[in-house]
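> Provided below for reference: sequence and predicted model.
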Amino acid sequence: MSYKFVRVAQVLLFISLAYTSNAQAPKGPSANAKIDALIKKMTLEEKVTMIHASSSFTSGGVPRLGIPELVTSDGPHAVRAEHGRDWELDKNVYDSGTYLPVGTCLAATWNTKLGYDFGSVLGSEANFRGKDVILGPGINIIRSPLNGRNFEYQSEDPYLVSRMVVGYIKGVQDQGISACVKHYAANNLEKNRNTVDVNMSERALREIYLPGFKAAVTEAGVNTLMGSYNKFRGQWATQNHYLMNQVLKKEWGFKGLVMSDWGAVHNTMEALWNGCDIEMGTDLSMLPKPNYGKFFMGDTVLQLVRSGRLDESIINEKVRRILYVMYKTNMIDGQRKKGAYNTKAHQQTALKVAEEGIVLLKNDNKLLPLSSTVKSIAVIGYNAERKQGMGGGSSQAKAFYEVTPLEGIKYVGGNKVNITYSPGYKIERGATADRSMIRQAVEAASKADVAVIVGGWTHGYNYSVWSDNAYDAEDVDKPNMTMPFGQDELITAVLKANPKTVVVLMGGGPIDMTQWVNNTPAILQAWYPGMEGGNALARILFGQVNPSGKLPMTFMKTLADAPSEKIGITTKDTQRLYYTDDIYVGYRYFDTYKVEPQFAFGHGLSYTTFDYSGLKVQGGKNKATVTFTVKNTGNVAGAEVAQVYVNQPKSTLPRPEKELKAFEKVMLQPGQQKTVTLTLNEDAFQYYNDGLNKWVLEPGAFNIMIGGSSRAIKLNGKVTLK
Ligand code: BGC
């Protein structure tokens, strides 16, 4: 193709993108006209300043025209501490804020209202701290249990992600702050994130990896989106024509701006053409005197436009999107909310999310809640006294305070219970079980009525962002699913000394429990539960709170069972990754291939019991309505997440054994019952046929399955769609 032809075609594409994306006025024609007028007044240099970083967390502004810098902050579960403009730490600033539970804990609440509250806290604290954009939510699909960043994300299931993400984003943006959904797309492992080229079928992309992002754009109206580090089908994701221009901006009509992940742009032309609006990153090479003009979307752009090799309209389109977001969030001409910091209400949200997100995995003989006859508890395990907030990488949270599990147990247990503590293991990668530490723990356990071991994964150490001992962290993947630091031996020994042992696991996902799971009466999954996590956990242990969290991901027995390992490829250090597990991610794999998980997707116990009855399924035109009753048949109030799964037994392309398509969290007093009515729209029945390259609804019979987890189906129905 001739150079001229390419130029004309590219300019036409940009005009069409600007049109389809409607990337102009947030507030009708006047804002639109204001944006036009501003762009007209700007020099080329000023425009280019706006499309790249001006410091580690800002992009450029134009003071002459009243255009401020865009100030970003991580994300996703706190407003991050100040880092100066270029990582020279600011001292004496008030930057210890509300530390919310991590993404997996939020998703485990299955409570969309809490998603909104969570976002509101972030929006409000961002306002207080003078930030314009919160770099969250992170919503990459949890495909492999090894991904070090799963804790920041939400689920293996695209429907659950989509429901939680809308609340989060609206919560942030109703405070007048922009959310930034990340990392688009297919950044499902960390170790090779800067080099790996991810390939997958169009069906897997559409059915599994994109729905959360689509909901963020089309339902929540997210203002900004971050492109990921990896390549996708041979082209860097941040500058990927298909992902950015075609799908995000054209198909979904995204109106806001795309920013790169930090340092994710790799060349100028591709980034400019393929939808990246702001290149973010830190100019580390030039510190302490950074030169952001050196960025790919910096001075080179000036030369390209001046020499006629690049049409200025392409830069205008990016500036227009940035100004759109600025007008929408009152950064220009407007009044911003003041926000609030460290309020009781924010801390209560942190508590509530932890209380509803901690999952009771096992509870034999009703060991929990601890009865009033329990007079002594041996608390064991390093995670009981460890503060977690600063772990994990860019999502580190400098907390106003953080209640550890040990503190929570002491506080809620009060002085009627005698509590001892022994760490039980050392946090040291590769360390085997320390005999004398195990001996101490065993001795304490044998003298106590109950032992509570708080262990699991680790999340950074000693307030450093990354460390050798971080398993749940950015830039890190787990080597396997084996419990680190000799914890298997510790738990086995403690169980022998005191069979009344509760195991509490921290971490972003599953750990291999096969050595002790059968002998352990009670197990809780506590994720990283935020600043109020210790209180939430203790309130659950002592029965002040009835657990209602449900796993947002399958807990497989061993790594060998994980579909990413078994039918996909994960652990090979390969630069080109093919997701051969395709759409069979999480329970879609376990249920279709009949592999027994340790704990199923959607699983989570309560201190009460629930009964399901009276299913009615009514078919309509391309949709169905399901009605059923949930009753609390126990003695305490509790909440049940009723889950609706759909299956199509006969279809042109094979479909999973079940797929989550609706859910509702129902709060019930003892003996109370509620009738739940949920609508299954067209998309609940469709799948993506990549032979035809479109979503299809193939008429026929569909099975409807309802229950308390993907493996605890209580009601079965059918509907036939014509
Ligand atoms: C992470 C992003 C984060 C950014 C800024 C990157 O390394 O991948 O999630 O928002 O840094 O801290």
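Sure, I can see it.
> what's the burial count for N689?
17 (other Cβ atoms under 10 Å). All C-beta spots, glycine's among them, are computed from the backbone N, C-alpha and C.
> for N330, same thing?
16.
> now do it against V181, distance only.
Taking Cβ to Cβ, to the nearest Å as the measure, N330 falls 21 Å from V181.
> not counting its neighbours along the chain, what's nearest P656?
Closest residue to P656 apart from its sequence neighbours, by Cβ to Cβ, 6 or more residues apart in numbering: R588 at 3.9 Å.
> contact partners for that neighbour?
656-659 (Cβ atoms under 8 Å, 6 or more residues apart in numbering).
> mind listing which of the residues you listed are in strands?
Among these, the members falling in strands (DSSP state E) are E659.
> what's the most distant pair in the contacts of R588?
E657 and E659 (8.6 Å; Cβ to Cβ).
> which neighbours do those two have in common?
588, 647.
> of those two, who's got more company?
Ranked by neighbour count (other Cβ under 10 Å), E657 and E659 place E659 first, with 24 against 19.
> pretty sure that one contacts N647?
Yes - E659 is within contact range of N647, at 7.2 Å (criterion: Cβ atoms under 8 Å).
> output the set of residues of the chain in proximity to the ligand.
Taking Cβ under 6 Å from any ligand atom as the criterion, the chain approaches the ligand at residues 74-75, 135, 182, 261-262, 394.
> please redo it, this time with the cut-off set to 8 Å
Residues of the chain lying near the ligand by Cβ under 8 Å from any ligand atom: 56-57, 72, 74-75, 80, 135-136, 138, 152, 180, 182-183, 187, 193, 226, 228-229, 261-263, 280, 393-395, 474-475.
> those residues in strands, which ones?
Per DSSP E, the subset of the residues of the chain next to the ligand in strands is 72, 180, 182-183, 226.
> which two from these end up farthest apart in space?
Top of the distance list for these (Cβ to Cβ): T72 and H183, 14.1 Å.
> the closest residue to Y687 other than its chain neighbours and L367, how far apart?
Computed as Cβ to Cβ, 6+ apart, the closest residue to Y687 that is not its neighbour in sequence is R655, at 5.8 Å. Between R655 and L367 the computed distance is 40 Å (Cβ to Cβ).
> what bridges to the closest residue to the ligand within the stretch 551-700 of the chain?
Closest to the ligand within the stretch 551-700 of the chain is L577: 18.0 Å, counting by Cβ to the nearest ligand atom. Listed by DSSP bridges, the beta-bridge partners for L577 are V198.
> residues touching the closest residue to the ligand within the stretch 251-400 of the chain, list them.
Going by Cβ to the nearest ligand atom, the ligand is nearest to S394 of the stretch 251-400 of the chain, at 3.6 Å. Applying Cβ under 8 Å, 6+ apart to S394 gives the contacts 74-75, 80, 135, 262, 465, 474.
> and the pLDDT for it?
Here, the pLDDT recorded for S394 equals 92.
> can you check K566 too?
86.
> so what's the residue count around it?
16.
> that one - nearest residue in space that isn't next to it in sequence?
A560 (6.8 Å).
> what's the answer for V161, then?
G212 (3.8 Å).
> I'd say that neighbour and I141 touch.
Yes - G212 is in contact with I141 according to Cβ under 8 Å; the separation is 7.4 Å.
> which residues of the stretch 101-250 of the chain fall in helices?
103-109, 112-128, 158-173, 202-204, 211-218 (DSSP state H, counting those that start in this stretch).
> ranking those by burial, who's on top?
Comparing the helices of the stretch 101-250 of the chain by mean neighbour count (mean count of other Cβ atoms under 10 Å), helix 103-109 ranks first with a mean of 30.
> what packs against that helix?
helix 112-128, helix 158-173, helix 344-357, strand 522-527 (3 or more Cβ pairs under 8 Å, 6 or more residues apart in numbering; DSSP states H and E).
> C-alpha coordinates for the longest one, PDB please?
Taking only C-alpha atoms (Å, rounded to 0.1, in the frame of the first residue of the first chain), the coordinates of helix 112-128 have been written out as PDB:
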ATOM      1  CA  THR A 112     -22.700  -6.000  44.500                       C
ATOM      2  CA  LYS A 113     -23.800  -3.300  46.900                       C
ATOM      3  CA  LEU A 114     -20.500  -3.700  48.900                       C
ATOM      4  CA  GLY A 115     -18.700  -3.400  45.600                       C
ATOM      5  CA  TYR A 116     -20.200   0.100  45.300                       C
ATOM      6  CA  ASP A 117     -19.400   1.000  48.900                       C
ATOM      7  CA  PHE A 118     -15.800  -0.200  48.400                       C
ATOM      8  CA  GLY A 119     -15.500   2.100  45.300                       C
ATOM      9  CA  SER A 120     -17.000   5.000  47.200                       C
ATOM     10  CA  VAL A 121     -14.400   4.800  49.900                       C
ATOM     11  CA  LEU A 122     -11.600   4.900  47.300                       C
ATOM     12  CA  GLY A 123     -13.300   7.800  45.500                       C
ATOM     13  CA  SER A 124     -13.800   9.800  48.600                       C
ATOM     14  CA  GLU A 125     -10.200   9.200  49.900                       C
ATOM     15  CA  ALA A 126      -8.800  10.000  46.400                       C
ATOM     16  CA  ASN A 127     -10.600  13.300  46.500                       C
ATOM     17  CA  PHE A 128      -9.200  14.100  49.900                       C
END
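> that one versus helix 344-357: what angle between them?
150 degrees (axes from the mean of the first three to the mean of the last three Cα atoms, to 10 degrees).
> got the angle between helix 112-128 and helix 158-173?
40 degrees.
> what's the model's confidence in helix 112-128, averaged?
98.
> and it, what does it pack against?
helix 103-109, strand 133-134, helix 158-173, helix 344-357.
> the helix or strand harbouring V666: what's the following helix or strand?
Element membership for V666 (DSSP states H and E) is strand 659-668. Counting by DSSP H and E, the next helix or strand C-terminal to strand 659-668 is strand 673-680.
> where does the stretch 401-550 of the chain get nearest to the ligand, residue-wise?
Closest point on the stretch 401-550 of the chain to the ligand, by Cβ to the nearest ligand atom, is E474, at 6.0 Å.
> number of residues surrounding that residue?
So E474, with other Cβ under 10 Å, has 19 neighbours.
> that one: what's it in contact with?
By Cβ under 8 Å, 6+ apart, the neighbours of E474 are 148-149, 152, 190, 392-395, 466.
> try 7 Å this time
By Cβ atoms under 7 Å, 6 or more residues apart in numbering, E474 lies in contact with 148-149, 190, 392-394.
> burial measure for the residue nearest to it when sequence neighbours are not counted, as a count.
Counting by Cβ to Cβ, 6+ apart, E474 lies nearest to G393, which is 2.8 Å off, once chain neighbours are set aside. By other Cβ under 10 Å, 20 other residues sit near G393.
> measure G393 to H83 for me?
13 Å.
> list of residues touching stretch 166-180?
For stretch 166-180, with Cβ under 7 Å, 6+ apart as the criterion, the contacting residues are 112-113, 115-120, 122-124, 126-127, 131-137, 181, 215-216, 219-220, 222-226, 259, 325, 329-330, 336-337, 339.
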